[in-house]
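Visitor: Sharing a model that was predicted from the sequence below.
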Amino acid sequence: MKVAIFTDTYVPQVNGVARTLKRWSEYLEKKRIPYRVYAPDVRSNEEYVDHIHRFNSVPFWLYPECRLALPNLIKIKRDLNDFQPDLIHIATPFNLGLAGLHFGKKMGIPLVGSYHTHFDQYLDYYKLSFLSPFVWKYMQWFHQPFKKTLVPSLHTKRELELHGLHNIGLWQRGVDHEHFSPAHRDDIVRRHFKIDAPILLTYVGRLAPEKGLDTLINVAKALPHNLNKNIHWLIVGDGPLRNHLQSIAPHNMTFAGYQDGESLARIYASSTLFVFPSATETFGNVVLESLSSGTPVVAANAGGVKEILDHGKTGLLCTPNDDYSFTQGIIDLLSDQEQLASMRIQARQEALRRSWEEIFDQLMRDYNEAIGDAKLASFA
């Protein structure tokens with residue numbers, strides 16, 4: 001098997017999709033399966049390699065961290081003719097995805113798609129809800145030729161089926177249990193960020209309207225003083241709301257910017273609770289990373305997150321966009337040290353059940369099925 005992957009996000013970009021696709025490419029290398037990745041040029045110092053083809057790109061206005069590539073169609077066609085892939089995996093509905101779709105149909109190469117982001121839900125937060133019907137019309141057309149569209153959660157599967165998409169399969173997510181581990185809990189995080197408070201509440205993610213951060217700020221201000229005096233908030237990530245959030249944040253909140261590697265692993269493991277108010281997640285990689293680190297999660301009861309979090313056992317699911325629900329959930333957990341200790345153990349156990357190897361083995365079976373279906377169709 002030879003695989004060509006078209007995506008508008010790939011490492012060194014910092015997001016769940018980019019990291020997942022990088023891990024998938026590492027799996028393909030381990031299995032000695034030839035592959036190509038067609039991705040935007042992110043102007044980094046990354047060493048370019050033969051199997052990753054980069055193209056000039058511009059920021060996507062709705063999501064600046066996502067780059068819209070300006071693909072060189074002649075270069076792509078020449079490379080696909082040389083490489084002769086057995087399957088094309090399209091992980092973006094934008095320019096590079098359209099290029100992959102065009103050449104897949106023209107060259108008779110089976111197509112598999114993956115759906116990662118609820119862009120239609122994002123429109124609500126940017127006062128562009130009137131565009132939603134047009135987005136779904138486009139998605140129906142874009143995904144129609146795919147042998148299968150892969151999604152990270154049952155919630156997302158139902159959402160796509162309600163909007164007329166078909167042949168939906170599950171491609172869930174795993175977590176690196178060694179990297180995100182309770183073993184990384186130490187005092188380095190508190191020393192580095194000059195945190196004296198015994199309770200550390202953490203958020204990791206993009207600082208953007210669709211992440212529900214107004215709820216997080218309101219909750220941070222609403223916690224009772226006798227508890228709040230022992231709490232410090234650490235906000236990890238960046239995005240268009242950072243300056244605004246910093247201007248209205250309480251005094252016990254630190255903005256850490258992007259963190260990765262050992263630093264991010266330490267932050268998760270050293271936190272008392274992970275607070276994640278986003279109601280727009282197709283999965284929620286950061287929630288699983290926190291659980292793997294042995295840190296319980298207080299999150300919105302919405303999207304793919306509610307399929308990861310076991311309410312009352314590994315954390316709490318709160319009413320989306322409800323300040324009181326989140327505030328009370330945090331108070332309840334911090335007031336019950338015995339339950340909190342139990343949740344730390346169960347959080348880690350839950351994460352250990354999610355193996356990247358098993359998930360990628362299933363994706364390989366989906367690939368083989370799509371190729372097999374295409375071969376059968378050619379003989380029909």
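Guide: The structure has been received and is ready for your questions.
Visitor: For the rest of this, base every contact and every neighbour count on C-alpha atoms.
Guide: Noted.
Visitor: where's the strand or helix carrying Asn368 relative to the chain centroid, distance-wise?
Guide: Element membership of Asn368 [criterion: DSSP states H and E] is helix 356-379. Per Cα atoms, centre = their mean, to the nearest Å, the displacement of helix 356-379 from the mean C-alpha position of its chain is 23 Å.
Visitor: Now do the buried residues in that helix.
Guide: Within helix 356-379, the residues that count as buried by 16 or more other Cα atoms under 10 Å are 356, 359-360, 363, 366-367, 370-371, 374.
Visitor: Kindly report the same for stretch 247-259.
Guide: Buried, per 16+ other Cα under 10 Å, within stretch 247-259: 249, 252-255, 257-258.
Visitor: mind putting those residues in TSV, secondary structure included?
Guide: Formatted as TSV, those follow (DSSP: H, G, I helix; E, B strand; the rest coil):
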residue	secondary structure
Ala249	coil
Asn252	coil
Met253	strand
Thr254	strand
Phe255	strand
Gly257	strand
Tyr258	coil
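Visitor: hmm, which two among these are most spread apart?
Guide: Maximum pairwise distance among the buried residues of stretch 247-259 (Cα to Cα): 19.0 Å, between Asn252 and Tyr258.
Visitor: domains in this structure, as residue ranges please.
Guide: With domains defined by automatic domain parsing, the chain comprises 3-174+355-379, 182-352.
Visitor: all helices for the stretch 101-250 of the chain, in order.
Guide: In the stretch 101-250 of the chain, the helices defined using DSSP state H, counting those that start in this stretch lie at 119-125, 132-143, 154-162, 188-192, 213-222, 225-228, 242-248.
Visitor: packing partners for the longest one?
Guide: Spelled out, that is helix 132-143. When contacts are defined as 3 or more Cα pairs under 8 Å, 6 or more residues apart in numbering; DSSP states H and E, helix 132-143 packs onto helix 119-125.
Visitor: could you dump the helix it packs on to CSV, C-alpha only?
Guide: Extracted in CSV, the C-alpha atoms of helix 119-125 (Å, rounded to 0.1, in the frame of the first residue of the first chain):
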residue,chain,number,x,y,z
PHE,A,119,-16.5,25.0,11.3
ASP,A,120,-20.3,25.4,11.0
GLN,A,121,-20.5,25.7,14.9
TYR,A,122,-17.6,28.2,14.8
LEU,A,123,-19.8,30.5,12.7
ASP,A,124,-22.1,31.1,15.6
TYR,A,125,-19.3,32.6,17.6
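Visitor: gap between that helix and the chain center?
Guide: That offset, for helix 119-125, works out to 16 Å (Cα atoms, centre = their mean).
Visitor: just stretch 18-25 next, same as before
Guide: Worked out by Cα atoms, centre = their mean, stretch 18-25 lies 11 Å from the chain centre.
Visitor: Mind checking the pLDDT average for that stretch?
Guide: Per-region confidence: stretch 18-25 scores 93 on mean pLDDT.
Visitor: Look up the closest residue to Ala370, ignoring the ones flanking it.
Guide: Spatial nearest neighbour of Ala370, chain neighbours left out: Lys147 (5.7 Å); criterion: Cα to Cα, 6 or more residues apart in numbering.
Visitor: quick revisit: would CSV of the helices of the stretch 101-250 of the chain with mean pLDDT and distance to Gly205 be doable?
Guide: As requested, the helices of the stretch 101-250 of the chain are exported to CSV (pLDDT from 0 to 100; distance: least, Cα to Cα, whole Å):
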stretch, mean pLDDT, distance to Gly205
helix 119-125, 71, 15
helix 132-143, 93, 24
helix 154-162, 94, 20
helix 188-192, 96, 18
helix 213-222, 97, 10
helix 225-228, 95, 23
helix 242-248, 97, 11
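Visitor: Of all those, which one is nearest Arg54?
Guide: Here helix 132-143 is closest among these (Cα to Cα), at 22.7 Å.
Visitor: Name the nearest of the buried residues of helix 356-379 relative to Phe276.
Guide: For these, the nearest to Phe276 is Trp356 (23.0 Å; Cα to Cα).
Visitor: measure the closest one to Asp124 for me?
Guide: 33 Å (Cα to Cα, to the nearest Å).
Visitor: can you check Arg242 too?
Guide: Distance, Arg242 to Asp124, using Cα to Cα: 20 Å.
Visitor: thinking again about what came up before, and of the buried residues of stretch 247-259, the nearest to Ile88?
Guide: For the buried residues of stretch 247-259, the nearest to Ile88 is Tyr258 (31.8 Å; Cα to Cα).
Visitor: my guess is the closest one meets Ile235, correct?
Guide: No. Under the criterion of Cα atoms under 8 Å, Tyr258 makes no contact with Ile235, lying 9.3 Å away.
Visitor: residue boundaries of the strands in the stretch 1-150 of the chain?
Guide: Using DSSP state E, counting those that start in this stretch, the strands found in the stretch 1-150 of the chain span residues 3-6, 35-40, 52-55, 57-60, 63-69, 87-90, 111-114, 148-151.
Visitor: Rebuild those strands as a markdown table, extending it with mean pLDDT and mean neighbour count.
Guide: Output for those, formatted as a markdown table (pLDDT from 0 to 100; neighbours: other Cα atoms under 10 Å):
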| stretch | mean pLDDT | mean neighbour count |
| --- | --- | --- |
| strand 3-6 | 98 | 24 |
| strand 35-40 | 95 | 23 |
| strand 52-55 | 90 | 17 |
| strand 57-60 | 81 | 15 |
| strand 63-69 | 73 | 20 |
| strand 87-90 | 98 | 26 |
| strand 111-114 | 97 | 25 |
| strand 148-151 | 96 | 24 |
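Visitor: Adding distance to Arg19, write those out as a markdown table.
Guide: Below are the strands of the stretch 1-150 of the chain laid out as a markdown table (distance: least, Cα to Cα, whole Å):
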| stretch | distance to Arg19 |
| --- | --- |
| strand 3-6 | 14 |
| strand 35-40 | 13 |
| strand 52-55 | 15 |
| strand 57-60 | 19 |
| strand 63-69 | 13 |
| strand 87-90 | 16 |
| strand 111-114 | 14 |
| strand 148-151 | 16 |
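Visitor: how about low-confidence regions in the protein?
Guide: Applying pLDDT under 70 to the chain flags the ranges 43-50, 61-66, 125, 373-380.
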